[in-house]
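K.L.:
Just the structure for this:
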Amino acid sequence: MPERALDRAVPFVLGLFRIVVGLLFAAHGAAALFGVFGGGPKGGTVAAGVWPSWYAAVIQLGCGLLVAFGFGTRIAALLASGSMAYAYFVVHQPDGLLPLQNHGEPAAMFCWAFLLLAFTGPGALAVDALFRKRSDDARGVVSGESRGALSAVQVSPGGGE
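P.N.:
Take a look at the predicted model:
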């Protein structure tokens, strides 16, 4: 029984995970671009157009917000994951083999978290779900829950009502 309750909570827990990871990622970008939250690297801001720091900060802020709101989650998460893989292998890896040695734990964790979101999707509480529901309603598509209920009625034992 408890497993079923946990299964029902999965979309909501995944949605909360997406929101938290997205906001944390966006905070890194905002810190580097605008000097908020203690600033970016070494406490300051990143100069506009400097490769790769400024571009990474823009990706962090933009993709972080998109993921947090659940808008274009899979594409934004894939871009964010790739940027963190690049950060790990190009910026951190030369300083040591393991993340603990090269201070690359945040890059590694963000990379894998975003890769997970790229494959699982946004979960519950996503803006994308609102657009999907509206377009389904406009096209007259029956939702999955309704389809399941209809199927249950159609295939119920006893030959109908």
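K.L.:
what's the span of stretch 98-111 from first residue to last?
P.N.:
15 Å (C-alpha to C-alpha, to the nearest Å).
K.L.:
no, scratch that, I was asking about stretch 27-45
P.N.:
Using C-alpha to C-alpha, one end of stretch 27-45 lies 13 Å from the other.
K.L.:
since we're on residue 105, how many residues are nearby?
P.N.:
By other C-beta atoms under 10 Å, 13 other residues sit near residue 105. In short, each C-beta sits where N, CA and C put it, glycine included.
K.L.:
any idea how far residue 98 is from it?
P.N.:
Using C-beta to C-beta, to the nearest Å, residue 105 is found at 9 Å from residue 98.
K.L.:
low-scoring stretches of the protein, by residue?
P.N.:
By pLDDT under 70, the weakly predicted segments of the chain are 1, 135-136, 141-161.
K.L.:
Domain-wise, how is it divided?
P.N.:
Listed by automatic domain parsing, the domain ranges of the chain are 2-125, 127-161.
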